[in-house]
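predicted model follows, preceded by the sequence.
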Amino acid sequence: MNEHNLILDPTNIPLSLYIHIPWCVKKCPYCDFNSHALPSTAPFIDYVNALLTDARSQISLMGGRKIQSIFIGGGTPSLLPIEHYRTLFLRLREIVPFADDIEITLEVNPGTLEHAPFADYLTLGINRLSVGVQSFDDESLMTLGRIHRHDEALNAIKNAKQAGFIRINVDLMYGLPNQTATLAVRDIDMALSAGATHLSWYQLTIEPNTAFYRAPPDLPNDDELERIENAGRERLIQAGFSNYEVSAWVGRDDEPCRHNINYWQFGDYLAIGAGGHGKVTLRGHASHPDGIYRYAKSRLPKDYLSYDNAPKMIGFKRVADEHLPFEFMMNALRLADGTSTHTFEERTGLLISTIDNELLPLQHQGLMVFHPDIIAPTKMGFKYVNHLVRAFL
C-alpha cells in the first residue's frame with residue numbers, strides 16, 4: 001500500500017441513484033445530452049422493465065447502503081406516462097432500500113405533460129421538481145428550439161405549487177442570442193414570481209455535435225455577457241438567493257439539491273437507463289479489487305433494450321490513485337464553500353498531504369483557502385474554477 005493511501009470505507013460514503021429517460025419530442029439545437037426523438041410507438045413498458053433489471057444487477061455495488069437521493073433526468077422524463085412511474089417506483093422500492101428522508105427529483109419540461117399528474121408524482125415520493133424553462137422570452141424559446149412558450153412555463157410552475165410541491169428548481173440559460181442584461185434579469189424575475197425556490201442559472205455554450213455548433217448563432221459579446229452576469233447575480237442576491245455552486249442558486253425557503261451536492265462532494269451514485277454514468281467505491285467486493293470505479297450504460301435506447309439479461313456496463317474501470325485528486329477537485333471546487341479535508345480523505349482514500357504541492361501555491365495566489373479542516377476557493381478563485389481544477393491535472 002502506498003504511504004499516502006488510507007482504507008476506503010464505502011459505508012461512510014452517501015449513495016445516490018440516477019435514472020435516465022432518453023426521449024424528447026425533438027432535439028434542441030444546443031443540446032449535447034443523450035436524448036433521442038420519441039418514436040411513434042415508444043417502448044415504455046420494455047424500458048421500465050430494463051431499468052428494474054438494471055437496478056437488480058447493481059445490488060452488489062451498494063455495499064449495504066440505502067439510496068439517499070434519486071434524480072430522474074433526460075431527455076424529457078415527463079414524457080414517460082404516470083402509470084409507468086407507478087410501476088417503476090413500486091418495484092424499485094422492492095429492489096433497493098430508500099432512506100427515510102430520500103430526495104427524489106424529476107425533470108419536467110413545459111409542453112410535454114398535462115398538469116393533473118403533478119399531484120400524482122407526489123404520491124410516488126417524488127418531492128422535488130426541476131422545470132426546464134431556459135427562458136421566458138418567446139423569441140428566445142423559438143431560437144433555442146423549445147416546444148413551449150412562456151405562458152406554459154409559468155403555468156407549469158404555478159400548477160406544481162398548487163399541487164403541493166414545495167421544492168421547485170427552474171433551469172434558466174443566459175447569454176442567449178440577442179439577449180441583453182434587461183432580458184436576462186426579466187427571466188429571473190419571472191421565475192421568482194412564479195414560485196421557483198432554486199435556480200440553475202447557466203451560460204449557453206456551443207458544444208460539438210449540436211446544430212448550434214454546425215451553424216453558430218450570434219451570441220452576446222464579452223462585455224454584454226459580463227453585464228448580464230453582474231445584473232443577474234445582483235438580482236438573485238437581492239432576492240435572498242445564495243450562489244452555493246457555480247451555476248446553482250438556492251432561496252431562503254429551500255435547500256441545496258442533495259443529489260447534486262453528492263456529485264460535487266465525490267459521493268457514490270448508481271446509474272440505470274441508456275447512457276447513464278455511475279461511480280462507486282468498492283471494498284471487499286467478490287469480483288473487483290478495492291477502489292473507486294466509474295462505468296456507463298449503452299447510450300442508444302435500442303442497444304440498452306437489446307440485452308437478454310441486465311443492460312451492459314461499459315468501461316467498468318478503476319480510477320487510478322494518481323487521477324483521484326483531479327477527479328475530486330473537478331467536482332468539489334464547484335462549491336462556493338468547498339469541502340472538508342476529511343471528505344477528501346474519506347472519498348479518495350488519500351491523505352490530504354498528497355496534494356500539498358498543488359494546494360499551497362493556489363493558497364499563496366489568493367485563489368484557495370486551505371487549512372486542517374477546509375479546502376475551498378476564495379471569492380476570486382470561485383470565478384476561475386477551471387484554472388483551479390487544471391492545477392490538479
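Looks like it arrived, so ask away.

list the buried residues in the longest strand along the chain.
Counting by DSSP state E, the longest strand found in the chain is strand 98-108. Across strand 98-108, burial judged by 16 or more other C-beta atoms under 10 Å covers Phe98, Ile102, Glu103, Ile104, Thr105, Leu106, Glu107, Val108. C-beta coordinates here come from the backbone N, C-alpha and C atoms, glycine included.

is it true that Glu245 touches Trp264?
Yes. With contact defined as C-beta atoms under 8 Å, Glu245 reaches Trp264; the gap is 6.4 Å.

what about stretch 301-317, average pLDDT?
Averaged across stretch 301-317, pLDDT comes to 85.

re earlier: now flag whichever of the buried residues of strand 98-108 is closest to Arg283.
Taking C-beta to C-beta as the measure, Arg283 sits nearest to Phe98 out of the buried residues of strand 98-108, at 22.8 Å.

next up, the contacts around that closest one.
By C-beta atoms under 8 Å, 6 or more residues apart in numbering, the residues touching Phe98 are Lys66, Ile67, Gly125.

got a pLDDT number for it?
98.

list the beta-bridge partners for it.
Beta-bridge pairing for Phe98 (DSSP bridges): Ile67.

quick revisit: which of the contacts of Phe98 has the most neighbours?
Greatest neighbour count in the contacts of Phe98, by other C-beta atoms under 10 Å, goes to Ile67: 22 neighbours.

pull out the buried residues from the helix or strand harbouring Lys302.
Take DSSP states H and E as the rule and Lys302 turns out to sit in helix 301-304. Along helix 301-304, these residues count as buried under the neighbour rule (16+ other C-beta under 10 Å): Pro301, Tyr304.

next SSE after it?
By DSSP H and E, the next helix or strand past helix 301-304 is strand 313-318.

can you list the strands that that next one pairs with?
Neighbouring strands of strand 313-318 in its sheet, by DSSP bridges, are strand 291-297 (antiparallel).

return the set of buried residues in stretch 319-326.
Buried, per 16+ other C-beta under 10 Å, within stretch 319-326: Val319, Asp321, Leu324, Pro325, Phe326.

still on that earlier bit, ok, so of the buried residues of strand 98-108, who is nearest His20?
Closest to His20, out of all of those and judged by C-beta to C-beta, is Glu107, at 10.2 Å.

ok, so what distance separates that closest one from Asp356?
Distance of Glu107 to Asp356, computed by C-beta to C-beta, to the nearest Å: 40 Å.

over to Ile261?
26 Å.

for Gln179, same thing?
Taking C-beta to C-beta, one finds Gln179 at 44 Å from Asp356.

list the contacts for Gly381?
Leu333, Leu362, Gly366, Leu367, Met368, Leu388.

may I see the buried residues of stretch 76-91?
In terms of neighbour count (16+ other C-beta under 10 Å), stretch 76-91 has its buried residues at Thr76, Pro77, Ser78, Leu79, Leu80, Ile82, His84, Tyr85, Leu88, Phe89.

run a quick neighbour tally on the closest residue to Thr197 other than its chain neighbours.
Counting by C-beta to C-beta, 6 or more residues apart in numbering, Thr197 lies nearest to Asp254, which is 3.7 Å off, once chain neighbours are set aside. For Asp254, the neighbour count with other C-beta under 10 Å is 19.

and Asp254, that's in a helix?
No. According to DSSP: H, G, I helix; E, B strand; the rest coil, Asp254 belongs to no helix; its state is coil.

ok, now which ones touch it?
Asp254 touches Ile166, Arg167, Thr197, His198, counting by C-beta under 8 Å, 6+ apart.

might one say that the third one is in contact with Glu255?
I take that to be Thr197. No. Using C-beta under 8 Å, Thr197 is not in contact with Glu255, being 9.0 Å away.

quick revisit: any common contacting residues for Glu245 and Trp264?
Arg334, Leu335.

ok so, going back, now the residue nearest to Thr197: how far from Lys312?
Distance from Asp254 to Lys312, by C-beta to C-beta: 38 Å.

swap in His277?
Counting by C-beta to C-beta, the gap from His277 to Lys312 is 14 Å.

now do the shared contacts for these two.
With C-beta under 8 Å, 6+ apart, His277 and Lys312 have common neighbours Lys297.

show me where pLDDT drops low in the chain?
The model of the chain has pLDDT under 70 over residues 1-4, 112-116.

repeat that with 50
Applying pLDDT under 50 to the chain flags the ranges 1, 115.
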